[in-house]
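*Asks:* can't give you the sequence, but here's the structure:
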C-alpha cells in the first residue's frame, strides 16, 4: 500500500470501537456472485485491508478458510481479540504482495480499503492468486446521497456533517477522493471481461450521536488533523456533538439518529 495511515495502536482501538460492518445483504450478494461463477464449496477467501475484521467475520460461514490481511499489526491485534469463527486467521501483509500460491484463492475482498492499494501492483497479484472462476469484490460506502433523519432536523444534521468534511478537506489524501468516485479507475483497469458494478446498495442504520462522533474520529483526515493539532481536533469533535445535540433538543449523546446511505461494490471474475 502506498499509504499507511491506520497503523497506530490508538487509531486501531478507535477503529474497532466505531467502524461498522457492511450490510449482510451486500455480503450475500457477493457470495451469490461467486457461486454463479464458481460452484461451491469454496476453500479460501482473503479480505485485504481487513482492519479490525468487521467484514472478515461476515465471510467465515461461506469458506473453509478466511484470511484477513492488513499492513497494521495493531489493527490485526484488535481483530484477533474479537470472538469469531475458528476458520479465520489474520496475517500482516499488503495487497500488492500476497503470500499465496498461484491459483489458490476463491475470493479476494476489500471493504473500504481498495482505494489505498497500488492498482498497478495489486491487479497482477490478484490475477496470480485467484483460481479460474475466482472473484474480486471491492466494496465501500458512498456519502454522495447521505442523509441523517431525526424528527424535523435531519437537514441541519446533514449540514453540520458536511461542514466537518470541509474543515478536514485540507487533510484529505487523494485515495479518499478515489473512494468517493466508487473506484471507477480500478473497475476500468480490471482486465477481466466478466465484471460489473453495484453503484447504489442502499442501507439504513441507527446510530447514536456518540457513535457518529466516534466514526468521524476514525477518518484518516481527522487522524492527520489530530496529529497536527490535538487540542483543535478535540475541540472540533466537542463542538460538533454539542451543535448536533442542541439542534435535536437532546441532552444525551446516546440519543440515536437514522443514517440513510449507500454502499457500492466492484465485482469481477477471472476467466475459466
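*Replies:* Sure, I can see it. All of these numbers come straight from a predicted model, not from anything done at the bench. Residues are numbered from 1 along each chain as shown.
*Asks:* can we go C-alpha only for contacts and neighbour counts from here?
*Replies:* Fine.
*Asks:* can you give me the strands in the stretch 1-150 of the chain?
*Replies:* 42-48, 63-70, 88-92, 105-111, 130-149 (DSSP state E, counting those that start in this stretch).
*Asks:* let me see the contact set for the residue nearest the centre of the chain.
*Replies:* With distances taken as C-alpha atoms, centre = their mean, residue 112 lies nearest the centre of the chain, 2.5 Å away. Going by C-alpha atoms under 8 Å, 6 or more residues apart in numbering, residue 112 touches 138, 139, 140, 141, 179.
*Asks:* JSON lines for the strands of the stretch 1-150 of the chain, including mean neighbour count?
*Replies:* Formatted as JSON lines, the strands of the stretch 1-150 of the chain follow (neighbours: other C-alpha atoms under 10 Å):
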{"stretch": "strand 42-48", "mean neighbour count": "23"}
{"stretch": "strand 63-70", "mean neighbour count": "22"}
{"stretch": "strand 88-92", "mean neighbour count": "19"}
{"stretch": "strand 105-111", "mean neighbour count": "25"}
{"stretch": "strand 130-149", "mean neighbour count": "21"}
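*Asks:* put together a markdown table for those, with mean pLDDT and distance to residue 246 on each row.
*Replies:* Output for the strands of the stretch 1-150 of the chain, formatted as a markdown table (pLDDT from 0 to 100; distance: least, C-alpha to C-alpha, whole Å):
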| stretch | mean pLDDT | distance to residue 246 |
| --- | --- | --- |
| strand 42-48 | 98 | 40 |
| strand 63-70 | 97 | 39 |
| strand 88-92 | 97 | 43 |
| strand 105-111 | 97 | 34 |
| strand 130-149 | 93 | 15 |
